[in-house]
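Enquirer: okay, predicted coordinates and the sequence, questions at the end:
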Amino acid sequence: QVQLAESGGGSVQAGGSLRLSCAASGYTFSTYCMGWFRQAPGKEREGVAGFYFGGIRTYYADSVKGRYTISKDSVKNTLYLQMNSLKPEDSAMYYCAACSSKGDYAYWGQGTQVTVSS
């Protein structure tokens, strides 16, 4: 059974940093696609950053390029999202997700809240 558990969210002031972690069990990161998504109240969920093709390629939303960095630790089987220069508009629930062998984001964590105050 696949389980993804996010941690590291919190409240910070604009310009601050946070590092999100996503620990996986029953699933090996680097096998398929994996990534981070976020959803703010009243808005659609959006992809923030991700690894594709077994971790060879990365994706970043335009809104976070240059500020966010996705990484993974294969030994710890953990996915990370380093978020710097945070802005109030980055406030959202952040989710970790991983793909099945079909290439769809089939597995999701419960989310961790990020709140950035101005």
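Expert: Arrived safely.
Enquirer: and the residue most central in space within the chain, how far is that from Tyr94?
Expert: Centroid-nearest residue in the chain: Trp36, 2.5 Å away (criterion: Cα atoms, centre = their mean). Distance from Trp36 to Tyr94, counting by Cβ to Cβ, to the nearest Å: 6 Å. (Glycine included, C-beta is placed from N, CA and C.)
Enquirer: any residues in contact with both of these two?
Expert: Common neighbours of Trp36 and Tyr94 (criterion: Cβ atoms under 8 Å, 6 or more residues apart in numbering): Leu20, Val48, Leu81.
Enquirer: and which of those is nearest to Ser71?
Expert: Leu81 (8.0 Å; Cβ to Cβ).
Enquirer: so what's the residue count around that closest one?
Expert: 25 (other Cβ atoms under 10 Å).
Enquirer: contact partners for it?
Expert: Contacts for Leu81 (Cβ under 8 Å, 6+ apart) come out as Arg19, Leu20, Cys22, Trp36, Val48, Ala49, Tyr68, Thr69, Ile70, Tyr94.
Enquirer: burial measure for the closest residue to the last one other than its chain neighbours, as a count.
Expert: What it means is Tyr94. Distance criterion Cβ to Cβ, 6 or more residues apart in numbering; nearest residue to Tyr94, sequence neighbours excluded, is Arg38 at 4.8 Å. By other Cβ under 10 Å, the residues close to Arg38 number 23.
Enquirer: how far off centre is the helix or strand that contains Arg38?
Expert: Counting by DSSP states H and E, the element that carries Arg38 is strand 34-39. Centroid separation between strand 34-39 and its chain, computed with Cα atoms, centre = their mean, to the nearest Å, is 4 Å.
Enquirer: for the record, mean pLDDT for the next helix-or-strand element following it?
Expert: Once strand 34-39 ends, the next helix or strand along the chain (criterion: DSSP H and E) is strand 46-52. What strand 46-52 shows for mean pLDDT is 95.
Enquirer: can I get strand 46-52 in CSV? Just the C-alpha atoms.
Expert: Once non-C-alpha atoms are left out, strand 46-52 reads as follows in CSV (Å, rounded to 0.1, in the frame of the first residue of the first chain):
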residue,chain,number,x,y,z
GLU,A,46,-1.8,23.5,-9.8
GLY,A,47,1.4,21.7,-10.4
VAL,A,48,4.3,23.4,-8.8
ALA,A,49,7.3,21.2,-9.5
GLY,A,50,8.0,17.7,-10.5
PHE,A,51,10.3,15.0,-11.8
TYR,A,52,9.6,13.1,-15.0
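Enquirer: nothing else from me, thank you.
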